[in-house]
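Asker: Predicted model and sequence below, questions to follow.
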Amino acid sequence: MITPEQIDFYHQQGYLLVEGLLPKDEAASYRQEVHDIAERLSRKINIDATWGAARTMVAEAERTQILHCHNIQYYSAAFGRLLLDDRFTSVAAALIGNENVKLHHNKMFIKPPEKGSPFPLHQDYPFFPYKNGTMMAAIFHFDDAPLEKGCVRVVPGSHLKGPLPHIAEGGHHLPWEEYPLEMSVPCPAKAGDVLFFSYTLVHGSGVNVSNEARTTWLVQYYEAGDQVADAQEAERGNGVMLRGIDPNPDRDF
Ligand SMILES: O=C(O)CCC(=O)C(=O)O
């Protein structure tokens with residue numbers, strides 16, 4: 001469990017790195033699962049998810065890649081179990097301030113060695129606006145993510161500004177001139193650490209220039225009573241209860 005000081009830090013800064021949420025050997029086994037999924041999928045489809053906007057952050061000659069897949073609980077039961085794991089959901093609930101937590105979606109990322117794609121600074125809000133703004137992300141680190149691996153970077157306290165206008169083209173991102181990547185603070189992490197943050201926190205990441213892959217899993221979740229603010233793309237898995245109950249059930253399948 002986390003301390004009241006950690007909860008206060010989250011509310012003031014918009015993020016919280018929980019160190020050692022998973023033991024290193026367990027993180028290593030999820031790392032292998034993620035790389036195995038990427039291997040199986042890559043035989044059939046292109047799973048590079050580099051944003052159009054990220055392409056302009058690196059020279060054409062240094063073309064980068066990020067391997068990704070959404071909702072990997074459909075590809076390996078290990079992630080179905082981890083989604084419901086009390087070590088994760090207890091922190092998620094404490095930071096949301098509510099015991100009822102719903103999944104929005106999740107996605108694995110492998111930033112390959114020497115050429116792992118960056119993410120321009122952005123909030124997650126414009127991708128899936130919700131009425132009460134309870135949406136959060138948790139990034140599980142399955143291997144070490146120092147600065148040179150293109151670790152996640154944040155602008156502390158930026159969540160307090162609320163939703164900001166984004167440029168939609170090439171992936172919702174903030175204007176470069178006002179929000180260069182350099183204005184953000186790197187959040188290096190170790191295998192087993194989990195970075196929690198609000199979906200109005202400005203964040204991004206740099207290129208992986210190291211000789212090892214960076215392997216992460218991002219889980220996006222919200223307070224179960226929150227509702228979509230406008231029509232948006234349906235996410236497979238959205239609505240699954242991760243903890244507690246749905247206080248307003250409205251469907252009978
Ligand atoms: O994994 C990263 O480096 C950042 C991912 C991110 O910002 C996102 O998917 O919205």
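Answerer: Thanks, I have the structure now.
Asker: Quick check: the residue of the protein nearest the ligand.
Answerer: residue 205 (3.2 Å; C-beta to the nearest ligand atom). C-betas here are computed from N, CA, C, even on glycine.
Asker: and that residue, what are its bridge partners?
Answerer: On the basis of DSSP bridges, residue 205 is bridged to residue 119, residue 152.
Asker: In terms of pLDDT, where does it sit?
Answerer: The model reports residue 205 with a pLDDT of 97.
Asker: Neighbours of it, how many?
Answerer: Neighbour count of residue 205, defined by other C-beta atoms under 10 Å: 30.
Asker: wait, what's in contact with it?
Answerer: Contact analysis of residue 205 by C-beta atoms under 8 Å, 6 or more residues apart in numbering lists 111, 118, 119, 150, 151, 152, 153.
Asker: What score does the first one have for pLDDT?
Answerer: Right, the one you point to is residue 111. The model's pLDDT for residue 111 equals 96.
Asker: Over to the second one?
Answerer: In this model, residue 118 is scored at 92, pLDDT.
Asker: Which residue ranges of the stretch 51-200 of the chain form helices?
Answerer: Along the stretch 51-200 of the chain, the segments classed as helices by DSSP state H, counting those that start in this stretch run 52-55, 77-83, 86-96.
Asker: how about the ones you listed in TSV, adding distance to residue 20 and mean pLDDT?
Answerer: As requested, these are arranged in TSV below (distance: least, C-beta to C-beta, whole Å; pLDDT from 0 to 100):
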stretch	distance to residue 20	mean pLDDT
helix 52-55	30	84
helix 77-83	15	98
helix 86-96	10	98
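Asker: Point out the most buried one among those helices.
Answerer: helix 86-96 (a mean of 19; mean count of other C-beta atoms under 10 Å).
Asker: Mind listing residues that contact that one?
Answerer: 1-2, 7, 10, 16, 18, 21-22, 82, 99-101, 134, 136, 138, 140, 194, 196, 219, 221-223, 242-244.
Asker: Over to stretch 244-253?
Answerer: Contacts of stretch 244-253 (C-beta under 8 Å, 6+ apart): 93, 98, 99, 100, 101, 102, 224, 225, 239.
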